[in-house]
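**Student:** Next comes the sequence, and after it the predicted model I'd like to discuss.
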Amino acid sequence: MYRTQNLFSTFSVLSSSLLSSVCGRAPFNTKIYGGGDATEGSWPWHVGITSTGEPVSVCGGSLINKDWVLSSAFCINIMDTSVDQIVIYLGRSSQFNPDPHQINRTVINVINHPDFNPNTGDNNIALFQLSSSVDFTDYIRPVCLAAAGSVFDEGLSSWATGWGYNNDAESSNILQEVEIPIVSNQNCSIAYNGSGVTITDNMLCAGWLNDVYIGPSFFDEGGPLVSKQGSGWIQTGIIIMTDAGRFPYVFNRVSQYQDWINSHISNEKPGFVTVPYSTPTPDPIPTPDPNPTLYCPDIFSGSSPIQLFPLSLTFFIFSLIFCLFI
């Protein structure tokens with residue numbers, strides 16, 4: 001995750017009320033800026049993906065409901081294993097030390113996007129179905145997802161997480177976190193000009209436009225890029241690999257895939273939230289007039305709005321009698 005050397009890098013309204021109270025909520029996350037070791041529970045949706053018998057995560061992912069994990073389509077290529085040999089660790093903070101909050105699940109189904117292009121990285125997104133549902137805790141919770149039509153302004157503060165290679169080119173023990181700003185696709189395309197990498201509308205960029213090697217690294221593939229909106233966190237991107245040695249870092253744009261994700265999840269749809277999230281401002285409650293002016297109809301000038309209906313006429317007569325005595 002952190003590195004100083006050139007390594008190959010690879011709320012609108014919630015659509016599901018079932019997840020509205022938990023998605024994107026991280027009780028132990030008080031991050032404002034910085035990076036480094038993540039405290040336990042800071043990113044309760046982050047998962048580690050590996051194969052049977054291998055404790056080190058080779059891919060990252062994010063829990064999006066009790067049965068599904070979102071990751072990259074290239075992740076299955078990295079592991080080079082069958083679906084029934086995939087293991088997903090949830091609630092994990094440390095890879096090599098005992099972790100009381102950690103559980104694991106095998107996988108019964110992997111759905112790669114049908115238009116995934118391994119050569120360009122376009123549509124690099126996949127869904128992993130867990131072998132059994134998980135119970136949400138303070139350390140295991142789903143993330144909200146950026147909804148279709150979301151807008152990510154340049155400079156938007158974002159966070160990437162993973163156990164990828166550190167400065168010593170070794171897999172990290174403690175989950176790493178790093179804050180990086182969103183870069184517009186236009187500026188990202190300029191940065192990658194001549195590299196052979198095409199920045200498509202399905203991609204999102206974050207990082208810096210200079211040689212600052214702070215961001216995702218080896219084995220962070222598939223992990224989430226999130227941004228805080230209001231009191232919750234929303235996943236805006238999925239880490240994808242590039243070998244161009246350029247900056248900023250490239251992610252898959254989650255908001256492009258709301259329909260595709262929902263089409264494969266029949267129960268408990270993920271919580272989609274539009275970025276930027278804004279709470280509607282209610283209309284102000286009018287302040288009562290402490291000295292209201294009584295309306296008395298002027299029957300002599302012909303301006304009186306008399307209605308020839310019994311009820312209206314009755315109110316008019318009472319009002320007229322009252323006015324004659326004041």
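**Tutor:** Perfect, I can see it now.

**Student:** any weak-confidence spans in this protein?
**Tutor:** Residues of the chain that meet the criterion pLDDT under 70 lie in 1-22, 24-36, 167-169, 211-213, 241-245, 278-326.

**Student:** Not including adjacent chain positions, what is the nearest residue to Q102?
**Tutor:** R92 (4.5 Å; Cβ to Cβ, 6 or more residues apart in numbering). (Each C-beta comes from the backbone N, C-alpha and C, glycine too.)

**Student:** Confirm that that neighbour lies within a strand, as I assumed.
**Tutor:** No: membership of R92 in a strand is not supported by DSSP: H, G, I helix; E, B strand; the rest coil, which gives coil.

**Student:** Other residues contacting stretch 249-257?
**Tutor:** Around stretch 249-257, the neighbours that count as contacts under Cβ atoms under 8 Å, 6 or more residues apart in numbering are 9, 70, 72, 113, 121, 123-125, 145-150, 160, 180, 188, 192, 197, 199, 201-207, 215-216, 225, 235-240, 242, 275.

**Student:** Go again with 7 Å.
**Tutor:** 9, 72, 121, 124-125, 145-150, 180, 199, 201-207, 215-216, 225, 235-240, 242 (Cβ atoms under 7 Å, 6 or more residues apart in numbering).

**Student:** Filter those down to just the ones in strands.
**Tutor:** Filtering the contacts of stretch 249-257 for membership in strands, criterion DSSP state E, returns 145-146, 180, 203-206, 225, 235-239.

**Student:** is it possible to export those residues to JSON lines including distance to A38 and neighbour count?
**Tutor:** Shown next, in JSON lines, are the ones in strands among the contacts of stretch 249-257 (distance: Cβ to Cβ, whole Å; neighbours: other Cβ atoms under 10 Å):
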{"residue": "L145", "distance to A38": "21", "neighbour count": "31"}
{"residue": "A146", "distance to A38": "21", "neighbour count": "30"}
{"residue": "I180", "distance to A38": "15", "neighbour count": "23"}
{"residue": "M203", "distance to A38": "25", "neighbour count": "26"}
{"residue": "L204", "distance to A38": "22", "neighbour count": "28"}
{"residue": "C205", "distance to A38": "23", "neighbour count": "28"}
{"residue": "A206", "distance to A38": "18", "neighbour count": "29"}
{"residue": "L225", "distance to A38": "14", "neighbour count": "29"}
{"residue": "Q235", "distance to A38": "16", "neighbour count": "28"}
{"residue": "T236", "distance to A38": "18", "neighbour count": "25"}
{"residue": "G237", "distance to A38": "18", "neighbour count": "27"}
{"residue": "I238", "distance to A38": "18", "neighbour count": "28"}
{"residue": "I239", "distance to A38": "15", "neighbour count": "31"}
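
**Student:** which of those lies closest to Y139?
**Tutor:** For the ones in strands among the contacts of stretch 249-257, the closest approach to Y139 (Cβ to Cβ) belongs to Q235, at 17.7 Å.

**Student:** pretty sure that closest one is touching A146, no?
**Tutor:** Yes: using Cβ atoms under 7 Å, Q235 is in contact with A146, at 6.5 Å.

**Student:** ok, what's across the strand from Y165?
**Tutor:** Taking DSSP bridges as the rule, Y165 bridges to S171.

**Student:** That one: how many residues sit nearby?
**Tutor:** 23 (other Cβ atoms under 10 Å).

**Student:** State the distance from it to P55.
**Tutor:** Y165 sits 16 Å away from P55 when distances are taken as Cβ to Cβ, to the nearest Å.

**Student:** Likewise for G48?
**Tutor:** Going from G48 to P55 by Cβ to Cβ gives 9 Å.

**Student:** Of these two, which one has the most company?
**Tutor:** Neighbour count, other Cβ under 10 Å: between G48 and P55, G48 has more, with 25 against 11.

**Student:** Now stretch 207-219: buried residues?
**Tutor:** 207-208, 213-219 (16 or more other Cβ atoms under 10 Å).

**Student:** For stretch 267-278, list every residue counted as buried.
**Tutor:** Under 16+ other Cβ under 10 Å, the buried positions of stretch 267-278 are 268-277.

**Student:** Now for those: which two are most distant?
**Tutor:** E268 and P276 (25.6 Å).

**Student:** Tell me who's in contact with the residue nearest to Q102.
**Tutor:** R92 touches 48, 99, 102, counting by Cβ under 7 Å, 6+ apart.

**Student:** Isn't the last one up against S94?
**Tutor:** It refers to Q102. No: with contact defined as Cβ under 7 Å, Q102 does not reach S94; the gap is 8.4 Å.
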